[in-house]
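Visitor: Need coordinates for the below:
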Amino acid sequence: MTDVFVYTTPNDERSQPLIEALIIEYETRYGNFYGEPARNELSRYPAELFAPPHGAFLLLIRDGQTIGGGAFKRYDEQTAELKRIWTHADLRQQGLARKVVTELEEQAARQGYTRIYLTTGFRQPEAKELYLRSGYTALFDVNADPEVYRHLPFEKDISALAAQLSKVAASASSDRDLLRQAG
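Guide: Prediction:
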């Protein structure tokens, strides 16, 4: 049992289990997704927004099957916005969503972002808890009934992670230069 992250696009056929499961989940929890079919919500953003240099779309693959995934797009010059964090319904409570979020944070930092922003739905308490446990700051009153909010916004400063990954990349580049000179 090997888990592998694959960076791809929402148009990749391996993305379809994620997209179809999100549609079912949104429809089950919200009915029409804020007045629209869930499929409309998931197709609201063009795939290009989730591609480098400003975005990323990844799948978590286990033994050839898509078991999780997520994406980010540019929110502003310093901020990536996480979208579509998902894990297979049969594999929840195993830390897979946290693995996806961590990978997306690291990729956002590698792409130069220093802050993460996201929203989750008010009928997704497990997502709310995931983000709180993962170091995100709630931009709403966590003691209020979540039904009063349509979206639950969060943010996280990843500037230290971005600086750390930048140093690692600079060191690796320097090592490659030394090897070229020696070779």
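Visitor: Tell me where the protein has strands.
Guide: 3-7, 56-62, 65-76, 79-87, 115-121, 137-138, 151-157 (DSSP state E).
Visitor: Can I get those strands in a markdown table including mean pLDDT?
Guide: Converted to a markdown table, the strands of the chain look like this (pLDDT from 0 to 100):
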| stretch | mean pLDDT |
| --- | --- |
| strand 3-7 | 96 |
| strand 56-62 | 97 |
| strand 65-76 | 97 |
| strand 79-87 | 95 |
| strand 115-121 | 96 |
| strand 137-138 | 98 |
| strand 151-157 | 97 |
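Visitor: could I get those strands as a markdown table with mean neighbour count?
Guide: C-beta here means a position set from N, CA and C on the backbone, and glycine is covered the same way. Formatted as a markdown table, the strands of the chain follow (neighbours: other C-beta atoms under 10 Å):
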| stretch | mean neighbour count |
| --- | --- |
| strand 3-7 | 13 |
| strand 56-62 | 21 |
| strand 65-76 | 21 |
| strand 79-87 | 22 |
| strand 115-121 | 21 |
| strand 137-138 | 12 |
| strand 151-157 | 17 |
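Visitor: now these as a markdown table including distance to Arg14?
Guide: Listed next are the strands of the chain as a markdown table, based on distance: least, C-beta to C-beta, whole Å:
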| stretch | distance to Arg14 |
| --- | --- |
| strand 3-7 | 7 |
| strand 56-62 | 6 |
| strand 65-76 | 5 |
| strand 79-87 | 13 |
| strand 115-121 | 23 |
| strand 137-138 | 33 |
| strand 151-157 | 28 |
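Visitor: Ok, which of these comes nearest Pro46?
Guide: strand 65-76 (9.7 Å; C-beta to C-beta).
Visitor: re the thing from before, of the strands of the chain, which is nearest Ile24?
Guide: Taking C-beta to C-beta, strand 79-87 is the member of the strands of the chain nearest to Ile24, at 10.9 Å.
Visitor: Tell me the strands beside that closest one, with direction?
Guide: Strand 79-87 has its sheet partners listed here by DSSP bridges as strand 65-76 (antiparallel), strand 115-121 (parallel).
Visitor: ok, now which ones touch the residue nearest to Arg39 when sequence neighbours are not counted?
Guide: In this structure, Arg39 finds its nearest non-sequential neighbour in Ile23, 5.5 Å apart by C-beta to C-beta, 6 or more residues apart in numbering. Residues in contact with Ile23, defined by C-beta atoms under 8 Å, 6 or more residues apart in numbering, are 38-39, 42.
Visitor: Check Glu103 too.
Guide: Applying C-beta under 8 Å, 6+ apart, we find Glu103 in contact with 5, 58.
Visitor: Need the CA coordinates for stretch 58-69. CSV is fine.
Guide: Presented in CSV, the C-alpha positions along stretch 58-69 are these (Å, rounded to 0.1, in the frame of the first residue of the first chain):
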residue,chain,number,x,y,z
LEU,A,58,-3.0,17.3,-6.7
LEU,A,59,-4.3,13.8,-6.3
LEU,A,60,-3.4,11.3,-3.6
ILE,A,61,-3.2,7.9,-5.3
ARG,A,62,-3.0,4.5,-3.6
ASP,A,63,-2.5,1.4,-5.6
GLY,A,64,-3.7,3.2,-8.8
GLN,A,65,-6.9,4.6,-7.1
THR,A,66,-7.6,8.2,-6.3
ILE,A,67,-8.2,8.4,-2.5
GLY,A,68,-7.7,12.1,-1.9
GLY,A,69,-6.8,15.4,-3.4
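Visitor: Perfect, I'm done here.
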